[in-house]
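**Q** Structure for the following, please:
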Amino acid sequence: MRGGMNNMQGMMKQMQKMQKKMEEEQEKLKEEKVEGTAGGGMVTVVVSGHKEVIDVIVKEEVVDPDDIDMLQDLIVAATNEALNKADELSSERLGKHTKGLNIPGMM
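**A** Residues are numbered from 1 along each chain as shown. Down below sits the predicted model:
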């Protein structure tokens, strides 16, 4: 029975260590920036690793008062691309700490 207790304590220490590393990675993600573009670079959306929109850049030549729908579509497309990149970045950064672990509810 004693061996099981030591094993459990070791596992708990390992989990605490993993949790600390994941918290550190989460903090780093705040500072990371990814961008999505649409319309051949006519619209660029920059988001943080926490999926917060930081900047929207629209080139002047794409602004057509008679075709607002196209501009809106480009902004949506660029935003979705940037958010997908932020998801990939987050999965890559946080997933490296949970590889090989089979914990219900974890990535």
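**Q** Now do the buried residues in the longest helix along the chain.
**A** With secondary structure taken from DSSP state H, the chain has its longest helix at helix 2-31. Using 16 or more other C-beta atoms under 10 Å as the test for burial, helix 2-31 gives 22, 25, 29. (Each C-beta comes from the backbone N, C-alpha and C, glycine too.)
**Q** burial count for Gly41?
**A** Gly41 has 11 neighbours, counted by other C-beta atoms under 10 Å.
**Q** From the buried residues of helix 2-31, pick the one nearest Ala38.
**A** Leu29 (23.7 Å; C-beta to C-beta).
**Q** got the contact list for the closest one?
**A** Shown in contact with Leu29 (C-beta atoms under 8 Å, 6 or more residues apart in numbering): 48-50, 89-90, 93.
**Q** Could you list the low-confidence segments of the chain?
**A** Within the chain, the segments meeting pLDDT under 70 span 1-4, 97-107.
**Q** residue ranges for the helices of it, please.
**A** Under DSSP H, the chain gives helices at 2-31, 68-95.
**Q** Can you add distance to Met42 and give the ones you listed back as JSON lines?
**A** Putting these into JSON lines (distance: least, C-beta to C-beta, whole Å) gives the following:
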{"stretch": "helix 2-31", "distance to Met42": "27"}
{"stretch": "helix 68-95", "distance to Met42": "6"}
